[in-house]
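Visitor: what's the 3D shape of this:
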Amino acid sequence: MSALPWRIVFFGTPSFALPTLRSLLEGPDQVAAVVTQPDREKGRGRKVIISPVKELTLQHGLIPLQPERVKEEAVQEALRGLQPDLIVVVAYGQILPKSILDIPKYGGVNVHASLLPKYRGAAPIAWAILNGEKVTGVTTMVMDEGMDTGDILLQTEIPIGDEETCESLHDRLASSGARWLLETLEKMKAGNIRPIPQDHSKATYAPPLKKEDGHIDWKKESRQIDRHIRAFNPWPGAFTKLDDRLLKIYKGEIREKASTGKAGAVVWVGSDFIEVETGKDSFLIQEVQSEGRRRMTIREFLSGHPIPVGTIFH
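Guide: Purely as a prediction, here's the structure:
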């Protein structure tokens with residue numbers, strides 16, 4: 001393969017893609033184009049939100065392509081006109097068809113936030129925490145028509161801390177992904193990288209998260225609830241219901257004790273925590289957010305929202 005600077009078309013959308021895009025924009029290769037998802041309306045005011053990748057692209061004086069459907073012939077014609085050497089994809093949000101992957105001279109490389117073939121799909125970081133994994137990582141792979149099914153190029157392991165949230169792990173994996181993508185490109189240019197087929201029999205999946213998935217089941221063990229809260233922090237947020245109000249829970253800790261009461265019942269209220277009975281042990285809630293309010297400590301929350309012992313969270 002050529003060691004000369006390559007013309008690269010980058011596909012990506014969320015903040016996870018930013019370190020990799022930034023490293024490419026500042027590196028020796030030429031970013032011939034950036035493709036990201038269309039602007040979307042969000043929130044009650046239907047405010048138009050641009051993707052983090054679009055924002056960074058504009059800061060570098062480039063106008064991104066934002067097709068509604070990447071399979072459109074006009075999009076593919078535009079990509080052919082760019083004559084790219086390589087496509088790099090990081091959390092773009094659409095599966096690229098073979099007709100696009102065949103355009104660049106050296107195909108496509110994807111950066112994925114798991115140790116493939118584990119956790120293929122849209123939400124590998126959250127599911128790794130949710131399932132109690134101690135280690136995850138980043139994989140660069142050759143792109144094919146499947147969902148994260150291509151041959152592995154490089155992998156690196158990243159430990160998952162006992163207090164790791166999806167947000168903190170996301171940031172570490174994003175930075176690692178940028179470093180390993182550059183390493184992958186160097187090895188590709190030198191011709192000393194050997195793609196390794198995935199063992200598809202060991203594949204597991206990480207489907208997209210939905211808001212309703214954040215609902216806490218207090219009948220589960222405290223350890224599972226702790227993972228649930230960390231996995232859904234910051235989005236979509238783990239939540240419980242207090243009367244008719246929704247209360248998001250962002251931080252807490254496990255208290256090992258014999259369960260004596262009803263799951264979801266408040267058994268103790270301290271100055272800095274609310275202790276809630278679970279299916280096994282109890283959970284000390286330390287940081288929350290009520291509807292329409294900012295995130296706050298339990299001390300702040302209780303000053304305006306007293307919660308008596310015996311209150312039931314649903």
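
Visitor: Please pull out the lowest mean pLDDT helix or strand from the protein.
Guide: Every helix and strand in the chain was compared by mean pLDDT, DSSP states H and E; the lowest is strand 40-42, with a mean of 86.

Visitor: for that one, packing partners?
Guide: When contacts are defined as 3 or more C-beta pairs under 8 Å, 6 or more residues apart in numbering; DSSP states H and E, strand 40-42 packs onto strand 47-49. For glycine as for every other residue, the C-beta is placed from the backbone atoms N, C-alpha and C.

Visitor: by contact count, what packs against the strand it packs on?
Guide: With contacts taken as 3+ C-beta pairs under 8 Å, 6+ apart, strand 47-49 sits against strand 40-42.

Visitor: Run a quick neighbour tally on residue 63.
Guide: Using other C-beta atoms under 10 Å, the number of residues around residue 63 comes to 10.

Visitor: quick one: strands adjacent to the least confident helix or strand of the chain?
Guide: Sheet pairing of strand 40-42 (DSSP bridges) gives strand 47-49 (antiparallel).

Visitor: next structured bit after the partner strand?
Guide: helix 52-59 (DSSP states H and E).

Visitor: Can I get the helix or strand just after that next one as PDB, trimmed to CA atoms?
Guide: Scanning forward in sequence from helix 52-59 by DSSP H and E, the next helix or strand is helix 73-82. Only the C-alpha atoms of helix 73-82 are listed here, as PDB (Å, rounded to 0.1, in the frame of the first residue of the first chain):
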ATOM      1  CA  GLU A  73     -27.200   7.500  -5.800                       C
ATOM      2  CA  ALA A  74     -26.400  11.200  -5.600                       C
ATOM      3  CA  VAL A  75     -24.400  10.600  -2.400                       C
ATOM      4  CA  GLN A  76     -22.500   7.700  -3.900                       C
ATOM      5  CA  GLU A  77     -21.700   9.700  -7.100                       C
ATOM      6  CA  ALA A  78     -20.400  12.500  -4.900                       C
ATOM      7  CA  LEU A  79     -18.100  10.100  -3.000                       C
ATOM      8  CA  ARG A  80     -16.800   8.600  -6.300                       C
ATOM      9  CA  GLY A  81     -15.900  12.100  -7.400                       C
ATOM     10  CA  LEU A  82     -13.800  12.500  -4.300                       C
END
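
Visitor: need the longest strand for this protein.
Guide: Assignment by DSSP state E gives strand 245-255 as the longest strand of the chain.

Visitor: What mean pLDDT does that one get?
Guide: Strand 245-255 carries an average pLDDT of 96.

Visitor: Run me through the strand neighbours of that strand, direction for each.
Guide: strand 238-242 (antiparallel), strand 282-290 (antiparallel).

Visitor: what distance separates the shortest one from the centre of its chain?
Guide: Centroid separation between strand 238-242 and its chain, computed with C-alpha atoms, centre = their mean, to the nearest Å, is 22 Å.

Visitor: For it, buried residues please.
Guide: Using 16 or more other C-beta atoms under 10 Å as the test for burial, strand 238-242 gives 238-240, 242.

Visitor: ok, now stretch 287-299?
Guide: 287-290, 296-298.

Visitor: swap in stretch 190-206?
Guide: 193, 198, 203, 206.

Visitor: Pretty sure residue 51 sits against residue 34.
Guide: No - applying C-beta atoms under 8 Å, one finds residue 51 not in contact with residue 34, separated by 10.1 Å.

Visitor: in the sheet, who's paired with residue 111?
Guide: For residue 111, the beta-bridge partners under DSSP bridges are residue 140.

Visitor: ok, now which ones touch it?
Guide: With contacts taken as C-beta atoms under 8 Å, 6 or more residues apart in numbering, residue 111 has the following neighbours: 20, 88-90, 138-140, 177-178, 180-181.

Visitor: How about residue 242?
Guide: 307, 311, 313-314.

Visitor: Name only those of the contacts of residue 111 that count as buried.
Guide: Listed as buried from these are 20, 88-90, 138-140, 177-178, 180-181; burial here means 16+ other C-beta under 10 Å.
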